[in-house]
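Participant: prediction below, plus the sequence it came from.
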Amino acid sequence: MADAAYGLWPLVILNTLLFAVFAASFFHPKTTRDWRAMGAYSAFLVALFTEMYGIPLTVYLLGSWLGSSFPLLKDTHAGGHLWNDLTNWQGDPHLSPFHLASYVAIGTGFWLIATAWKHLHAAAQHDELAVTGPYAWVRHPQYDGFLLIMIGFLLQWPTIPTLIMFPVLVYVYLRLARSEERDVAAHFGQQWTGYAARTPAFWPTLRPRTSPHGSARGKTRDPQQPAIRR
């Protein structure tokens, strides 16, 4: 192998665990549905870091096909930054527009997961529907956070497996979101119906559709019913 930066399997395991535990500390998974969301995210991390530090399968495949057209596409660690190679970026790959954009997306994703959990936890403690903070903009901000993190990694280090996995994971999160919404609708009734009618599921509008104070605050669900995670 041309680059000693590959074949570092302990680093693959360490980075996968680090980013998975870091996300779990923001997300606080409790339900089976939460762990499914974490599992999908963790599978993406395994595929990503296996190619980042283990075996550069994507670089091998594309290098044999596009190597003559893109001389920067080599089986070195720097060559794994495919967007830089395909656009002929000559500078430090860690300072390219793609890499800098990835930092913003990953950081925003973690921030969104953490901030949404605080509002969700506060609402659950008062037996209320979470409608403030990120929940005033979208109904599923934590899933948006996971998707932003994955988009950030795709900007930084795209691979064939992760590019294939990403639309599959989007579909998984859509199914999880719909399942959650059925449970929440059953518990909160018209309160949820009104909130869902005002607030988009994933893609925010230019301004929050729910007031900062949340029109649903003060309306509590049946205390005999279990709290809903999100």
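Facilitator: Great, that's in hand. Residues are numbered from 1 along each chain as shown.

Participant: least trustworthy helix or strand in the protein by mean pLDDT?
Facilitator: Taking mean pLDDT, DSSP states H and E as the measure, the chain has helix 57-66 as its least confident helix or strand, at a mean of 62.

Participant: quick check: next helix or strand after that helix?
Facilitator: Downstream of helix 57-66, the first helix or strand assigned by DSSP states H and E is helix 82-86.

Participant: so what does the next helix-or-strand element following that next one touch, helix or strand wise?
Facilitator: Moving toward the C-terminus from helix 82-86, the next helix or strand (DSSP H and E) is helix 97-125. Applying 3 or more C-beta pairs under 8 Å, 6 or more residues apart in numbering; DSSP states H and E, one finds that helix 97-125 makes contact with helix 9-27, helix 82-86, helix 141-156. No exception for glycine: its C-beta is placed from N, CA and C like everyone else's.

Participant: most tightly packed of those helices?
Facilitator: Highest mean neighbour count among the helices and strands packed on helix 97-125 (mean count of other C-beta atoms under 10 Å): helix 141-156, with a mean of 23.

Participant: quick one, that helix and helix 97-125 angle?
Facilitator: Computed with axes from the mean of the first three to the mean of the last three C-alpha atoms, to 10 degrees, the direction of helix 141-156 lies at 170 degrees from that of helix 97-125.

Participant: give the next helix or strand downstream of helix 141-156.
Facilitator: Criterion used, DSSP H and E; the element after helix 141-156 is helix 160-188.

Participant: quick one, grab the pLDDT at the closest residue to residue 133 other than its chain neighbours.
Facilitator: Closest residue in space to residue 133, ignoring its immediate chain neighbours: residue 119 at 3.7 Å, by C-beta to C-beta, 6 or more residues apart in numbering. As predicted, residue 119 sits at a pLDDT of 95.

Participant: correct me if wrong: residue 119 contacts residue 129.
Facilitator: No - counting by C-beta atoms under 8 Å, residue 119 stays clear of residue 129, with 10.7 Å between them.

Participant: quick one: which of the two has more around it?
Facilitator: Each of residue 119 and residue 129 has its neighbours counted (other C-beta atoms under 10 Å); residue 129 has more, 26 against 19.

Participant: sec struct for the more buried one, please.
Facilitator: coil (DSSP: H, G, I helix; E, B strand; the rest coil).

Participant: so how far is residue 40 from it?
Facilitator: Separation of residue 129 from residue 40 (C-beta to C-beta, to the nearest Å): 25 Å.

Participant: list the residues that contact the residue nearest to the spatial centre of the chain.
Facilitator: Nearest to the geometric centre of the chain sits residue 146, at 1.6 Å (C-alpha atoms, centre = their mean). With contacts defined as C-beta atoms under 8 Å, 6 or more residues apart in numbering, residue 146 is in contact with 23, 37, 40-41, 109, 113, 173.

Participant: nearest to residue 201, of the helices and strands packed on helix 97-125?
Facilitator: Nearest of the helices and strands packed on helix 97-125 to residue 201, taken as C-beta to C-beta: helix 141-156 at 9.0 Å.
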